[in-house]
Structures are given as C-alpha cells and as structure tokens.
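Engineer: Have a look at this prediction, sequence included:
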Amino acid sequence: MNVWKQDIAAARAAPDPAPHPWHRLVALGDSFTEGIGDPEPRSEGGLRGWADRVAEELSADQPDFAYANLAVRGLLVQQILDQQLAPALALKPDLVTLSAGGNDIVFRRSDPDRLAETIDDGVGQLARSGATVVLFAGPDWGATPVFSQIRGKVAIFNENLHAVAARHDAVMVDLWFLRELSSAGMWDPDRLHFSPLGHHTIAAAVLKALGVSHTLEPFEPKPPLPHSWKEARTEDLIWAREYLVPWVIRQLRHPPEAELTAKRPKPRPVFGVGTPPGPFIGGGHAA
C-alpha cells in the first residue's frame, strides 16, 4: 500500500483528521472536468464544476495550495493524453485527476477495451511521476433515452477503469454507484452534463475518496412532479431537438482545436494572488 493510501486510512480513522498531504492539483479531461453545466461568473471561464469545488476545499487549510485545470470540452481520450499529459507532468502536481472516455463511448461507439488500454498508458505515466492519481467510473445513463443503448459499453469501460486504477494504485471515484446521481436535479437540461447540484455531489464524492474532511453537505433534490407517458415522450422529443442533435452535429464537425483552450492552464492559488477566499468557498451556492 502506498504511503498516501495509509494516510487516507489514518485520516478516516482519526477523530480529528490530519491536514491532507497535497499542495498542487492538476485536473485533466473534457467537459465533465471543465465544469459544463455549472455556470459561475466568478469562476474562470464562467464555469465552476466539481474540480473547482474540490480545489476550494483542499485549499482551505493549505496556504500554498495551487490548482490548474487543463480540461477542454469535446476531446477524445487520445486527444486528452496528447494535449494535456505532458503539460500536466511539467507542472509537477502531487495530485492529478483524469476523466476521459465519455465522448469516445457516447459519440464514437469506441471499443471500451481499447480505450482502457490507451488510458492505462497515460495513468502509468502519471503514477510514475509520484502524484496521487484520481480516476472516474462513468455514471449510469440507463434511464436516459438513446444513451441507455450504450449502457453495456459504459459498464464494461468502468470495469476496465477499476482494473487500471488497481494496477497503478490510483484512487477511484465510482459515479455508477453514486445513486444520488439518478435524480433529474443532478443533471443539466441537456442530460449530458451535470447540474450545479450534480457537480457539488461529485466534488463531495472525490473528497470522500481522498479521505479529506470537507464542508460540502449533501443536498436532497426535490422529486420531480409526476408526468404522464405523453408528457415524458414530449420532453424527450424537445430534448433531442434542442440538445442531442446539435451536440452530435458539433461532434461530427470536429471544431479546430485552437478554438478551445483550458480555462486554468497554470497552477495558482484557488482564489487568486492576494485574494482571500470569497463567500462561496466550500460550495456556498451549489444549486
């Protein structure tokens, strides 16, 4: 067992957990990590997301804590590794999060075994740097029209990611078994990304997996009003017209990579140089 895993176990058992050991977080990935679905004008790029929320918590008792987010929406696994892996290693993080593969599975119907092989190589490089690596098993889209058809592939990919995490002693955040995410309130109206409440919930899951005490309280979303079959199908058609079709078209067009850049390419204090924590530290407004 790695030393940092022993620290996590000790922190969970101690009545007063010791400060966490990390000082520099770098987040890699696509729109999930960039924070799509969680708008916040006070955050860089106008998005907050689970990674920002995690960084806020980790910085609370770590004065020299710095955070960079290299995630860019729409990227595939190989693009993430090609564009973000080397810059991330150059920043010398001691904590790295990597989420990739959603766009490959959803929009390219990629082979989950080959995807895992590709990710395995990248995770190996990150682990050999000495950084703690955090991976994510994808959520269960079983109740979502259209995407329910790829549920089996997502499940296979998730199992492969568990194997990758075990091989490299990485921390796994399993969104498939985070059943709170089955609530409609956890999702953006596009049904592809998480809402502010969803990002808040995922941030708490990441911190729990790391064994870090935090101030994020679980929110209980209000249950949706009961819909008739006809109303539900009408909502599905509207969603497909306004979100699914435009999204697929954007994916097929392959926008030039130069159009999109990371919102936080350099590690810096979470609240900026010389700026004290703002009133929304620790998930002040998650919904």
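Structural biologist: Happy to help now that I have it. Numbering: from 1, shown residues only.
Engineer: Could you report the pLDDT at residue 5?
Structural biologist: For residue 5, the pLDDT comes out at 62.
Engineer: what does the one 3 residues further on give?
Structural biologist: Per-residue pLDDT puts residue 8 at 59.
Engineer: can you give me the strands in the stretch 1-150 of the chain?
Structural biologist: Using DSSP state E, counting those that start in this stretch, the strands of the stretch 1-150 of the chain run over 24-28, 66-69, 95-98, 132-137.
Engineer: out of those, which comes closest to residue 84?
Structural biologist: For residue 84, the closest of these is strand 24-28, at 4.6 Å, according to C-beta to C-beta. Bear in mind the C-beta positions are built from the backbone N, C-alpha and C, glycine included.
Engineer: and the closest one with strand 132-137, angle?
Structural biologist: Per axes from the mean of the first three to the mean of the last three C-alpha atoms, to 10 degrees, the angle that strand 24-28 makes with strand 132-137 is 30 degrees.
Engineer: Report the buried residues of strand 24-28.
Structural biologist: Neighbour-count burial for strand 24-28 flags 24, 25, 26, 27, 28 (criterion: 16 or more other C-beta atoms under 10 Å).
Engineer: residues near residue 175, how many?
Structural biologist: Residue 175: 21 surrounding residues under other C-beta atoms under 10 Å.
Engineer: The nearest residue to it once chain neighbours are set aside and residue 212, how far apart?
Structural biologist: Computed as C-beta to C-beta, 6 or more residues apart in numbering, the closest residue to residue 175 that is not its neighbour in sequence is residue 139, at 4.2 Å. The gap separating residue 139 from residue 212 is 22 Å, by C-beta to C-beta, to the nearest Å.
Engineer: and of the buried residues of strand 24-28, the nearest to residue 197?
Structural biologist: residue 27 (19.8 Å).
Engineer: distance of that closest one from residue 179?
Structural biologist: 24 Å.
Engineer: Give me the local confidence score for the residue nearest to residue 175.
Structural biologist: Residue 139 carries a pLDDT score of 92 in this model.
Engineer: and it, what does it touch?
Structural biologist: By C-beta atoms under 8 Å, 6 or more residues apart in numbering, residue 139 lies in contact with 175, 176, 178, 181.
Engineer: Could you give the number of residues near the nearest residue to residue 122 once chain neighbours are set aside?
Structural biologist: Leaving aside its chain neighbours, residue 122 sits nearest to residue 81 (4.5 Å; criterion: C-beta to C-beta, 6+ apart). Residues lying near residue 81 (other C-beta under 10 Å) number 22.
Engineer: Could you measure from the residue nearest to the spatial centre of the chain over to residue 44?
Structural biologist: Most central in the chain under C-alpha atoms, centre = their mean is residue 33, positioned 4.2 Å from the mean C-alpha point. Look at residue 33 and residue 44: by C-beta to C-beta, they are 13 Å apart.
Engineer: Find residues that contact each of the two.
Structural biologist: Residues touching both residue 33 and residue 44 (C-beta under 8 Å, 6+ apart): residue 69.
Engineer: need the contact list for residue 104.
Structural biologist: Contacts for residue 104 (C-beta under 8 Å, 6+ apart) come out as 76, 77, 110, 115.
Engineer: what's the nearest residue to it if we skip its chain neighbours?
Structural biologist: residue 110 (4.0 Å).
Engineer: Could I get the full set of strands for the stretch 151-287 of the chain?
Structural biologist: Going by DSSP E, counting those that start in this stretch, the stretch 151-287 of the chain shows strands at 171-174, 264-268.
Engineer: Out of those, which one sits most buried?
Structural biologist: Greatest average neighbour count among the strands of the stretch 151-287 of the chain goes to strand 171-174 (a mean of 18), per mean count of other C-beta atoms under 10 Å.
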